[in-house]
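Undergrad: just coords:
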């Protein structure tokens, strides 16, 4: 056997001996890999500070803030001409209709204020009365209120002059302001009435449905995405990753907005949370955390 072959045989025997040593004692792993969990990959993110607006929602209908009935000064006059219809905007002093006088000639019925003609019963040939049904009703300055009902738990959060964003079916969104808050509630439903004055130049319709979002305050604290929350028999929980293993934390949730949930108790800023919590992950399961990208958050 030449020298080169002898050296090769010695190296082979050394490898076999070394392999046998590894097998007999411990697998040949790096020390830092020995206790590393080999679980499923999960997307995680850090619990972070976020500010939430406290919102009270009010649903209801649009009603005139005020309404003025327009009648002739004298009874027994017949309508000769109708000059405006319901839904039109009129100015103060504008002619609304003309009536025949018993002695001959005509009398003109004028708008006492500028605003929107809310309704009209004027029909040519009909008899107009100073005490009966009004010929016209005018909504001064075309001002409307959203009249809604609010649960008693939310009434205490509302105050006069709070701003609101009101979405009206068929008319889009307009600004509003709380004008009146009930001091009593209906005993059976435990609901109280709220009036929100609308600020709009649009043509609005009486009895239109609308919903208002009233910001009553702000709360800043730790938050996580809604997808990180689990609701079950054990309560409300999130799944936290510590030392590459799953921990289940019971939490107290608060306000919600734009897919984020306020965590009032159970987490601190910086905790590593499973972004999409699921029932397949159990307490103590090993995982390989992968931090969510900025876009995914």
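TA: Done, it's in. Not measured: the values here are computed from a predicted model. Residues are numbered from 1 along each chain as shown.
Undergrad: Just to check, residue 48 is in contact with residue 267?
TA: No. Checked against C-beta atoms under 8 Å, the pair residue 48 and residue 267 is beyond contact range at 10.2 Å. Any C-beta I mention is one placed from the backbone N, CA and C, and that applies to glycine too.
Undergrad: The two: which has the busier surroundings?
TA: Legend: neighbour count by other C-beta atoms under 10 Å for residue 48 and residue 267, higher for residue 267 (20 against 14).
Undergrad: which residue sits closest to the more buried one in space, ignoring its chain neighbours?
TA: residue 47 (4.8 Å; C-beta to C-beta, 6 or more residues apart in numbering).
Undergrad: again with residue 44
TA: Nearest to residue 44 is residue 289, by C-beta to C-beta, 6+ apart, at 4.4 Å.
Undergrad: residues contacting the one you found?
TA: Residue 289 is in contact with 41, 42, 43, 44, 241, 244, 272, counting by C-beta atoms under 8 Å, 6 or more residues apart in numbering.
Undergrad: Skipping its backbone neighbours, what lies nearest residue 182 in space?
TA: residue 192 (3.6 Å).
Undergrad: how about the one you found, what does it touch?
TA: Contacts of residue 192 (C-beta under 8 Å, 6+ apart): 149, 150, 152, 155, 181, 182, 184, 185, 186.
Undergrad: tell me which element the nearest residue to the fourth one once chain neighbours are set aside falls in.
TA: If the residues on either side of it in the chain are set aside, residue 155 comes closest to residue 192, at 4.7 Å by C-beta to C-beta, 6+ apart. Here residue 192 is covered by strand 191-199, with elements defined by DSSP states H and E.
Undergrad: what mean pLDDT would you report for that strand?
TA: Mean pLDDT, computed over strand 191-199, is 94.
Undergrad: in that strand, what's buried?
TA: 191, 192, 193, 194, 195, 196, 197, 198 (16 or more other C-beta atoms under 10 Å).
Undergrad: Thanks a lot, see you next time.
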